[in-house]
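Asker: Kindly generate the corresponding structure for this input.
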Amino acid sequence: MNTAQIIVKNWLSLSFVAIVSKLLSFILTIYIARYLGDVGLGKYSFALAFTGLFIIFSDIGLSRLTIREVARDKLRAESYLSNAATIKSILSLATFGLIFFIINLLNYPVDTTVVVYIIGLSAILHSFARLFQAIFNAFERMEYETITTAVELLIVVGLGVCVLILGYGLIGLAYVILIASIINVLFSLFITIKVFTKPKFKIDWKFWKSTVKEALPFGLTTAFVTVYFQIDTVMLSIMKDDAVVGWYNAAYRLIFALMFIPTAFVGSIFPIISRFFVSSQNSLKVAYEKTFKYLIIIGIPLAIGTTILADRIVLIIYGKDFNNSVVALQILIWVALLMFLTYLIGTVLESVNRQGRVSKVAGINALVNVFLNLLLIPKFSFIGASVATVATEAIGFILLFHSISKHLHAVPLFKLTLKPLIASLPMSLFIFYFKEINTVMLIAVAVLLYFGMIYCLRAVSEEDIGLFRRVFKKEATTLYRQ
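Answerer: Numbers count the residues shown, from 1 in each chain. A predicted model of the protein is given here:
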């Protein structure tokens, strides 16, 4: 199987799991909002955010490092997996103890505290599943991640919706998530042993020292990014109340439902970009610029269209009780566009051994976000948190774009952005003037209008169109010209 076909297979696998996971998670969010209201959604969001702030200590970047190193040398799979699993076992015990201690210090209600315990244990198990799935990614067998993730999500959403309908509430839902995590980690372990390698309990102090040192930049990046994306929910919960957290997260989860777009495509090319770093710098630059262009073409109309239609989107999905989420969505949707690009840039920098730079930028983002939230939340509540998120993501994009332009390749940002912006103008006018027609029809015509303009403006070249045709017909000998 040639490089193009490998990328397509992995892209299809990761696209499927990303789309399904985002869709199913979003469906669950809708049911939580409908059955438990803004307060219930607020408590659920707080539990996820709070445990997310601590769960990073159970991995410290080991999974990400495993993908990179095993992708370069498959013979190191058993050594990396065994040592990483042993280290994670020790870190996970400490992490759960920390979660237990801190949540009790904050003196939250009993139901919230119990949910945090259960979600925390589930997150630790999920972290182990991610380590096994790192092996799938390193061997470029993403279809196995598709299977294990789909099974977990089907259990969470299927049983979770039933639990909510039957009235077992948030604690019942938390137990469903725990059961699904147990099944996921066991299933992932089974596939790892049967197909790739068998992990063993290993203590190799020399290997641990070098591995932890290499993994820490990945871990720090994850930690900073987690603080950046989760701390606002925790701070809203502490400074305001559960209802406010619910309004904010109703919009926030819509944004993250869209992240399957960069996650699927960029995730599928990560191992191959790592190889390009060693074999062909020119191929790496071309792959980066093409992906950057495609993400801009998708992201710009998505942000503009959602800004115009935010009120209808919130009403259709959540109902009139979440009217407060409309303004938050109109602000936060611009984070999606920025995140598409920063996710790509960060992944490319990590694949070329510049993860330290990504960590520094993520650290700056975390500090800026905490500062802005402290400044804006007391006065502007969830609107302030929304503004803080957009401002922080913009700063992160500027810093990362400067770094990759200096050390690897400077894409023509203005040139790549201009045509999608021009193509978005007639689309925006159409949506604005025909806003009252059926929503599905409105969006469908707007999408056709936009991509028709994209084609007329030649924003997507004949080479790009030919590339996709050759790839999907399995006639290509290469995806990016070497």
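Asker: who's in contact with the nearest residue to Phe451 once chain neighbours are set aside?
Answerer: Leaving aside its chain neighbours, Phe451 sits nearest to Ala423 (7.9 Å; criterion: Cβ to Cβ, 6 or more residues apart in numbering). Just so you know, the C-beta spots here come from the backbone N, C-alpha and C atoms, and that holds for glycine as well. Residues in contact with Ala423, defined by Cβ atoms under 8 Å, 6 or more residues apart in numbering, are Pro301, Tyr450, Phe451, Met453, Ile454, Leu457, Ala459.
Asker: give me phi/psi at the last one?
Answerer: Ala459 adopts backbone torsions of phi -70, psi -30, taken as degrees, to the nearest 10.
Asker: Next up, the contacts around it.
Answerer: Counting by Cβ under 8 Å, 6+ apart, Ala459 has contacts Ile297, Lys419, Pro420, Ala423.
Asker: From the contacts of Ala423, list just the buried residues.
Answerer: Pro301, Tyr450, Phe451, Met453, Ile454, Ala459 (16 or more other Cβ atoms under 10 Å).
Asker: thinking again about what came up before, closest to Val212 out of the contacts of Ala459?
Answerer: The shortest approach to Val212 among the contacts of Ala459 belongs to Ile297, at 40.2 Å (Cβ to Cβ).
Asker: what pLDDT does the residue lying closest to that closest one once chain neighbours are set aside get?
Answerer: In space, not counting the residues next to it along the chain, Ile297 is nearest to Pro420; the distance is 5.2 Å by Cβ to Cβ, 6+ apart. Listed pLDDT for Pro420 reads 91.
Asker: From Leu302, how far out is Pro420?
Answerer: For Pro420, the distance to Leu302 equals 10 Å [Cβ to Cβ, to the nearest Å].
Asker: returning to what we had before: quick one: the residue nearest to Ile297 from Tyr294, how far?
Answerer: Counting by Cβ to Cβ - Pro420 and Tyr294 are separated by 10 Å.
Asker: Neighbour count for the two, which is higher?
Answerer: Using other Cβ atoms under 10 Å as the criterion, Pro420 and Tyr294 rank with Pro420 on top: 21 against 18.
Asker: and the host helix or strand of the more buried one, how far from the chain's centre?
Answerer: Using DSSP states H and E, Pro420 falls within helix 413-433. On the basis of Cα atoms, centre = their mean, to the nearest Å, helix 413-433 is displaced by 26 Å from the centre of the chain it belongs to.
Asker: do the same with stretch 186-203
Answerer: Centroid separation between stretch 186-203 and its chain, computed with Cα atoms, centre = their mean, is 25 Å.
Asker: CA atoms of it as PDB?
Answerer: C-alpha atoms of stretch 186-203 as PDB (Å, rounded to 0.1, in the frame of the first residue of the first chain):
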ATOM      1  CA  LEU A 186      -9.800  -4.200  28.200                       C
ATOM      2  CA  PHE A 187     -10.700  -4.300  24.500                       C
ATOM      3  CA  SER A 188      -7.800  -2.100  23.500                       C
ATOM      4  CA  LEU A 189      -5.400  -4.300  25.600                       C
ATOM      5  CA  PHE A 190      -6.800  -7.400  23.900                       C
ATOM      6  CA  ILE A 191      -6.100  -6.000  20.400                       C
ATOM      7  CA  THR A 192      -2.700  -4.800  21.400                       C
ATOM      8  CA  ILE A 193      -1.700  -8.300  22.600                       C
ATOM      9  CA  LYS A 194      -3.200 -10.200  19.700                       C
ATOM     10  CA  VAL A 195      -2.000  -8.000  16.900                       C
ATOM     11  CA  PHE A 196       1.000  -5.900  18.000                       C
ATOM     12  CA  THR A 197       2.900  -6.700  21.200                       C
ATOM     13  CA  LYS A 198       2.400  -8.000  24.700                       C
ATOM     14  CA  PRO A 199       3.100  -5.400  27.400                       C
ATOM     15  CA  LYS A 200       5.000  -6.600  30.500                       C
ATOM     16  CA  PHE A 201       5.600  -5.000  33.900                       C
ATOM     17  CA  LYS A 202       9.000  -3.400  33.400                       C
ATOM     18  CA  ILE A 203      11.300  -1.300  35.600                       C
END
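Asker: Could you check it and say which residues are buried?
Answerer: Here stretch 186-203 shows Phe187, Ser188, Leu189, Ile191, Thr192, Phe196, Thr197, Pro199, Lys202 as buried, counting by 16+ other Cβ under 10 Å.
Asker: residues contacting the third one?
Answerer: The one in question is Leu189. Counted by Cβ under 8 Å, 6+ apart, Leu189 has contacts Phe128, Phe132, Pro199.
Asker: Neighbours of the first one, how many?
Answerer: Read it as Phe128. Per other Cβ under 10 Å, the neighbour tally for Phe128 reads 23.
Asker: Adjust the sequence numbering to begin at 15 for everything that follows.
Answerer: All set: I'll call the first residue 15, so the last point we hit is now Phe142.
Asker: pLDDT wise, what is Ala376 at?
Answerer: For Ala376, pLDDT reads 83.
Asker: Let me fix that, I meant to ask about Met455.
Answerer: Looking at Met455, its pLDDT stands at 89.
Asker: Next: Lys449.
Answerer: Per-residue pLDDT puts Lys449 at 78.
Asker: thinking it is in contact with Leu456, fair?
Answerer: Yes: counting by Cβ atoms under 8 Å, Lys449 touches Leu456, with 7.1 Å between them.
Asker: For these two, indicate the residue with more neighbours.
Answerer: Ranked by neighbour count (other Cβ under 10 Å), Lys449 and Leu456 place Leu456 first, with 19 against 13.
Asker: tell me which element the more buried one is part of?
Answerer: Residue-wise, Leu456 maps onto helix 453-470 under DSSP H and E.
Asker: Show me what that helix is packed up against.
Answerer: Using 3 or more Cβ pairs under 8 Å, 6 or more residues apart in numbering; DSSP states H and E as the contact test, the elements touching helix 453-470 are helix 295-331, helix 427-447.
Asker: any idea which element Leu230 lies in?
Answerer: Using DSSP H and E, the element containing Leu230 is helix 219-253.
Asker: Can you spell out which helices and strands pack onto that helix?
Answerer: Counting contacts by 3+ Cβ pairs under 8 Å, 6+ apart, helix 219-253 is packed against helix 17-69, helix 76-86, helix 91-119, helix 256-271, helix 339-365, helix 369-421.
Asker: Who are the contact partners of the residue at minimal distance from the centre of the chain?
Answerer: Centroid-nearest residue in the chain, with Cα atoms, centre = their mean: Met273, separated by 5.5 Å. Contacts for Met273 were tallied using Cβ under 8 Å, 6+ apart; they are Ala32, Lys36, Ala350, Met353, Tyr357.
Asker: try 10 Å this time
Answerer: The neighbourhood of Met273, defined by Cβ atoms under 10 Å, 6 or more residues apart in numbering, consists of Ala32, Ser35, Lys36, Ala350, Met353, Phe354, Tyr357.
Asker: Which one (most neighbours) among the residues you listed?
Answerer: Phe354 (27 neighbours).
Asker: Next one, pLDDT for Leu463 please.
Answerer: Leu463 carries a pLDDT value of 92.
Asker: so what's it up against?
Answerer: Counted by Cβ under 10 Å, 6+ apart, Leu463 has contacts Pro315, Ala437, Ser438, Pro440, Met441, Ser442, Leu443, Phe444, Ile445.
Asker: ditto for Ile179
Answerer: When contacts are counted by Cβ under 10 Å, 6+ apart, Ile179 touches Tyr45, Arg48, Tyr49.
Asker: which element is it on?
Answerer: In the assignment (DSSP H and E), Ile179 maps to helix 156-180.
Asker: Report pLDDT for the nearest residue in space to Val175 that is not next to it in sequence.
Answerer: Of all residues not flanking Val175 in the chain, Tyr45 sits nearest, at 5.1 Å (Cβ to Cβ, 6+ apart). Looking at Tyr45, its pLDDT is 89.
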